[in-house]
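> pasting the structure only:
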Ligand code: FE
Ligand code: FE
């Protein structure tokens, strides 16, 4: 990664790998898989939009309309492709974690959630609102941290008018509804004295 990324991105990459490893320890995931996914998640970030578009065309990787308009969004999909083809990753969970690290998706695996969250909270980040709260929450409840990040990301993208991948909203709706169901379940258990 040091060879293909600029200094700032490389530092972020190390931060994500390190944070992903810590989260993997907390949530009983494979630590090495978390480190590998963290190291590779932005492997297609430091290349031109033209190159990303060219790879997608050549390899017949499906592009949505939003991605065609904002090809930087493609760094996740192209990253997963390069992880498999150039860096020899065969573990589908690692490839999914790379592919879904910007938008998430409904029904993510623990590793996918860990990379998504590590990308947001790694020590080099400083801009996001509620960062201190989300950093703590990430080590208490993975799903609640995921939801908090999705909420903040959506409100940020909406206020700045930046291009929003509809998948981010789908992921948010999925985990919001899941959280609501869980709250209802807990209420029911309390009523039943369980
Ligand atoms: Fe990224
Ligand atoms: Fe990243």
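Arrived safely, thanks for sending. These figures come from a predicted structure and were not determined experimentally. Ligands and ions are numbered 1, 2, ... in the order given.
> as a whole number, average confidence for stretch 181-193?
Mean pLDDT, computed over stretch 181-193, is 77.
> Now do that stretch: everything it contacts.
Outside stretch 181-193, not one residue touches it by Cβ atoms under 8 Å, 6 or more residues apart in numbering. In this view, the C-beta of every residue, glycine as well, is placed from N, C-alpha and C.
> quick one: low-confidence ranges for this protein?
Within the chain, the stretches falling below the threshold (pLDDT under 70) are 193-194.
> Could you tell me which residues of it lie near ligand 2?
Neighbours of ligand 2 within the chain, by Cβ under 5 Å from the ion: 42, 119.
> shouldn't residue 35 be in contact with residue 22?
No. Look at residue 35 against residue 22 with Cβ atoms under 8 Å: they stay out of range, at 10.3 Å.
> What residues sit buried inside the longest helix belonging to the chain?
Counting by DSSP state H, the longest helix found in the chain is helix 166-191. Neighbour-count burial for helix 166-191 flags 167, 168, 169, 171, 172, 174, 175 (criterion: 16 or more other Cβ atoms under 10 Å).
> And residue 141, how close does it get to ligand 2?
Counting by Cβ to the ion, to the nearest Å, the separation of residue 141 from ligand 2 is 22 Å.
> same deal with residue 180?
29 Å.
> do the same with residue 168
Using Cβ to the ion, one obtains 15 Å as the distance from residue 168 to ligand 2.
> Number of residues surrounding residue 47?
18 (other Cβ atoms under 10 Å).
> in which helix or strand would I find it?
With elements taken from DSSP states H and E, nothing contains residue 47; it lies in neither a helix nor a strand.
> For it, give its distance to ligand 2.
Separation of residue 47 from ligand 2 (Cβ to the ion) stands at 14 Å.
> Pull out the buried positions in the helix or strand harbouring residue 51.
In this assignment (DSSP H and E), residue 51 forms part of helix 49-58. In terms of neighbour count (16+ other Cβ under 10 Å), helix 49-58 has its buried residues at 52, 53, 55, 56.
> if I pick the first one, what's in contact with it?
Taking Cβ under 8 Å, 6+ apart as the definition of contact, the neighbours of residue 52 are 44, 71, 72, 74, 75, 78.
> Chain neighbours aside, what residue packs nearest to it?
Distance criterion Cβ to Cβ, 6 or more residues apart in numbering; nearest residue to residue 52, sequence neighbours excluded, is residue 74 at 4.6 Å.
> The one you found: what's it in contact with?
44, 49, 52, 53, 56, 61, 63, 67.
> Over to residue 96?
80, 109, 111, 112.
> Report the buried members of those residues.
Applying 16+ other Cβ under 10 Å to the contacts of residue 96, the neighbour count classes 80, 111, 112 as buried.
> quick one: what helix or strand has residue 16 in it?
Here residue 16 sits within helix 7-26, counting by DSSP H and E.
> Show me what that helix is packed up against.
Counting contacts by 3 or more Cβ pairs under 8 Å, 6 or more residues apart in numbering; DSSP states H and E, helix 7-26 is packed against helix 31-40, helix 110-121.
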